[in-house]
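Undergrad: Turn this into a model:
(2 chains)
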Number of protein chains: 2
Amino acid sequence: MNYTKPLARLVEEFQKLPGIGPKSAQRMAFHILKMTQGDVRKFSDAILDAKEKIKYCRQCFNMSSENPCEICSNTSRDKSVICIVAETRDLIALERTREYKGSYHVLQGLISPLDGITPEDLRIKELIERLQDEDIKEIILALSPSVEGEATSMYLAKIIKPLGVKVSRIAFGLPVGADLEYADEVTLARALEGRREI
Amino acid sequence: MNYTKPLARLVEEFQKLPGIGPKSAQRMAFHILKMTQGDVRKFSDAILDAKEKIKYCRQCFNMSSENPCEICSNTSRDKSVICIVAETRDLIALERTREYKGSYHVLQGLISPLDGITPEDLRIKELIERLQDEDIKEIILALSPSVEGEATSMYLAKIIKPLGVKVSRIAFGLPVGADLEYADEVTLARALEGRREI
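TA: Residues are numbered from 1 along each chain as shown, chains lettered A, B, ... in the order given. You can find the predicted model right below:
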């Protein structure tokens, strides 16, 4: 014997979550068993409810319970600038800065030949349609400085520029608070390359 | 705006789990959104099902979907030895060793005056009843070597010994594979104290 059956099943389900090993899964399962019936119900409802209600925005492919999403339907946001991100979580990170007031387009991934992800698998066709239908002045590429992020940025710049739209990319360099001495060479090279006159 | 409402709610619920901060909660929530409808249903069912079916064994207070639990109803186990643990998770850890073939008694906590937990809050009364009703030869105390574990062990030894039952305690010392040089003093003192002739 190890776990009683329903507990074994619960531990197994928790282990499917990202970053959760057997120990953490067990801890979480016991936590659930110690919660009140009402709290457990709330927890499971939140899961089902999120899965059921959250869909992709038909315009920018952000995850939202609204369609179009809260950002697309917000009239105070600048619709002439589109920031391109890979996933909704990147959009959320950018929103947290409270600096950006334009709209978004969520690609839902990055070009990655090794994983078999081609431009056709991403929401690039839909982006091009937006560029043709809407009056867009600037595209900001906010993709990670990884191999996939670079490839996708290059690809997008190549197909968007001919449409006469300005394409920019977020800056890469030393993170604020970092120590130059401990920065890796690639970041330092990027920081040098991206230097600006002051 | 930050999260769309059902997502905010889901992240909040995940954050209530032990050891889960905002970042992990967000990662888990997005994982749920990327799972299939069927898998999400299975996940939420596992939670509700475990909470609904798992109760405390009326005999040893182990958590189980059976009552009495799988261990108490297993006739091949030695009912004359009871191993006392604080929580079901300790019982599970001991079961994993496959060394122990007796029965258990889960106290559901440890005496802790600072947290207002007195002997009356634990399943000690029920333990004494078992000692009177059943033919018990030995009680093994398997409580953590913490202040609370020590206090509870002392308390139990004091009330059980007069009943004419042998009381033992699991050994504390150097963990297998540990380096003596790096062991803390308290563990080392315990290891010395618990030395056995070879």
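Undergrad: Could you check how far residue A:160 is from residue A:111?
TA: Distance of residue A:160 to residue A:111, given as CB to CB, to the nearest Å: 14 Å. Heads up, the C-betas are built off the backbone N, CA and C, glycines and all.
Undergrad: higher neighbour count, those two?
TA: Applying other CB atoms under 10 Å in any protein chain shown to residue A:160 and residue A:111 shows that residue A:111 carries more neighbours, namely 25 against 21.
Undergrad: Average pLDDT for stretch A:181-190, rounded please.
TA: Averaged over stretch A:181-190, pLDDT sits at 83.
Undergrad: Now do that stretch: everything it contacts.
TA: With contacts defined as CB atoms under 8 Å, 6 or more residues apart in numbering or on different chains, stretch A:181-190 is touched by A:145, A:172-174, A:180, A:191.
Undergrad: let's see 6 Å
TA: For stretch A:181-190, contacts defined as CB atoms under 6 Å, 6 or more residues apart in numbering or on different chains pick out A:172-174.
Undergrad: Can you tell me which of those are buried?
TA: A:172-173 (16 or more other CB atoms under 10 Å in any protein chain shown).
Undergrad: how about JSON lines for the contacts of stretch A:181-190, with distance to residue A:95 and secondary structure added?
TA: JSON lines is the format used below for these (distance: CB to CB, whole Å; DSSP: H, G, I helix; E, B strand; the rest coil):
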{"residue": "A:172", "distance to residue A:95": "20", "secondary structure": "coil"}
{"residue": "A:173", "distance to residue A:95": "22", "secondary structure": "coil"}
{"residue": "A:174", "distance to residue A:95": "23", "secondary structure": "coil"}
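Undergrad: Per-residue pLDDT of residue A:1, please?
TA: 51.
Undergrad: and chain B, which of the contacts of stretch A:181-190 reach it?
TA: Near chain B, judged by CB under 6 Å from any CB of the partner chain, there are no entries from these.
Undergrad: Make a markdown table from the contacts of stretch A:181-190 and add pLDDT and distance to residue A:68 to it.
TA: Below are the contacts of stretch A:181-190 laid out as a markdown table (pLDDT from 0 to 100; distance: CB to CB, whole Å):
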| residue | pLDDT | distance to residue A:68 |
| --- | --- | --- |
| A:172 | 87 | 31 |
| A:173 | 87 | 34 |
| A:174 | 83 | 37 |
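Undergrad: the domain parsing of chain A - what is it?
TA: A:5-53, A:77-192 (automatic domain parsing).
Undergrad: Show me which of those has the highest average neighbour count.
TA: Most buried of the domains of chain A, by mean neighbour count (mean count of other CB atoms under 10 Å in any protein chain shown): domain A:5-53, with a mean of 18.
Undergrad: How far off centre is the helix or strand containing residue A:91?
TA: Using DSSP states H and E, residue A:91 sits in helix A:88-96. Remark: helix A:88-96 is offset 6 Å from the chain centroid, using CA atoms, centre = their mean, to the nearest Å.
Undergrad: Can you name the element that comes right after that helix?
TA: Helix A:88-96 is succeeded, C-terminally, by strand A:102-106 (DSSP H and E).
Undergrad: So which elements touch that following strand?
TA: strand A:78-85 (3 or more CB pairs under 6 Å, 6 or more residues apart in numbering or on different chains; DSSP states H and E).
Undergrad: residues making contact with the strand it packs on?
TA: Applying CB under 6 Å, 6+ apart, the external contacts of strand A:78-85 come out as A:91, A:101-106, A:136-142.
Undergrad: at 7 Å instead, please
TA: Where contact means CB atoms under 7 Å, 6 or more residues apart in numbering or on different chains, the residues beyond strand A:78-85 that reach it are A:91, A:94, A:100-107, A:130, A:134-143, A:156.
Undergrad: Might you calculate how far the helix ranked longest in chain A sits from the centre of the chain?
TA: In chain A, taking DSSP state H as the definition, the longest helix is helix A:37-53. Computed by CA atoms, centre = their mean, the chain-centroid distance of helix A:37-53 equals 23 Å.
Undergrad: One more: stretch A:102-119?
TA: 10 Å.
Undergrad: quick one: contacts for the residue sitting nearest the centre point of chain A?
TA: Residue closest to the mean C-alpha point of chain A, counted by CA atoms, centre = their mean, is residue A:87 at 2.5 Å. Going by CB under 7 Å, 6+ apart, residue A:87 touches A:106, A:108.
Undergrad: Low-confidence stretches in chain A?
TA: A:1 (pLDDT under 70).
Undergrad: In it, mark out all the strands, start to finish.
TA: Taking DSSP state E, the strands of chain A run over residues A:55-56, A:63-64, A:78-85, A:102-106, A:138-141, A:166-169.
Undergrad: Nearest to residue B:17, out of these?
TA: Nearest to residue B:17 among these is strand A:63-64; the distance by CB to CB comes to 21.6 Å.
Undergrad: Give the pairing partners of the closest one; include direction for each.
TA: strand A:55-56 (antiparallel) (DSSP bridges).
Undergrad: what sits up against the partner strand?
TA: With contact meaning CB under 7 Å, 6+ apart, strand A:55-56 is reached by A:63, A:67.
Undergrad: do the same with stretch A:19-35
TA: With CB under 7 Å, 6+ apart as the test, stretch A:19-35 has contacts from A:7, A:10-11, A:14-15, A:40, B:17-19, B:24, B:27, B:47, B:50-51, B:54, B:63, B:89.
Undergrad: How about stretch A:99-119?
TA: Contact with stretch A:99-119 is made by A:60-62, A:71-72, A:77-79, A:81-88, A:91, A:94, A:121-124, A:127, A:130, A:143, A:148-149, A:151-152, A:155, as judged by CB under 7 Å, 6+ apart.
Undergrad: The helix holding residue A:91 - contacts with which helices or strands?
TA: strand A:78-85, strand A:102-106 (3 or more CB pairs under 7 Å, 6 or more residues apart in numbering or on different chains; DSSP states H and E).
Undergrad: got the angle between the shortest one and strand A:78-85?
TA: Right, the one you point to is strand A:102-106. Computed by axes from the mean of the first three to the mean of the last three CA atoms, to 10 degrees, the angle separating strand A:102-106 from strand A:78-85 equals 40 degrees.
Undergrad: Strand A:102-106 vs helix A:88-96, what angle?
TA: If you take the same axes, to 10 degrees, strand A:102-106 sits at 160 degrees to helix A:88-96.
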